[in-house]
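# predicted structure and sequence below. I'll ask about it afterward.
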Amino acid sequence: MEAADVVDISREAIVVLLKVGAPVMLVALIVGVTISLIQALTQIQEMTLSFVPKILAMMVALVLFLPFMLMTLQGFTERIADRIANIG
């Protein structure tokens, strides 16, 4: 395996990491900003108020995006296995 192969695998791993993590993190970001705006408008400064809706939204996002996440990870794993099989 040469340095170019390692760079390609690393680059692809980073892209897969972003594809798998981004949907849930974006949902958490949107819910967090929305709750922060509501807290600022109503002047309710309860710290724990943001946790429950954010956790619920992330769980719903995980359920919705899980097929996409699994397909992405499965495709990456298959490509890595093919590279390993083609080395020898």
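Good, I have the coordinates.
# and the residue nearest to the spatial centre of the chain, what helix or strand is that in?
With distances taken as Cα atoms, centre = their mean, the residue of the chain nearest its centroid is residue 21 (0.9 Å). Residue 21 is part of helix 3-42, with elements assigned from DSSP states H and E.
# buried stuff in that helix?
16, 19, 20, 23, 24, 27, 31, 35 (16 or more other Cβ atoms under 10 Å). Every residue, glycine included, has its C-beta placed from N, CA and C.
# right, and the fourth one touches residue 60 too?
This means residue 23. No: counting by Cβ atoms under 8 Å, residue 23 sits too far from residue 60 to count as a contact (11.2 Å).
# and what about residue 59, helix, strand or coil?
When classified by DSSP: H, G, I helix; E, B strand; the rest coil, residue 59 comes out as helix.
# just residue 44 next, same as before
Here residue 44 takes the coil state, with states given by three-state DSSP.
# residues touching it, list them.
Counting by Cβ atoms under 8 Å, 6 or more residues apart in numbering, residue 44 makes contact with residue 38.
# how close does it get to residue 77?
Look at residue 44 and residue 77: by Cβ to Cβ, to the nearest Å, they are 46 Å apart.
# equivalent analysis for residue 18, please.
Relative to residue 77, residue 18 is positioned 17 Å away (Cβ to Cβ).
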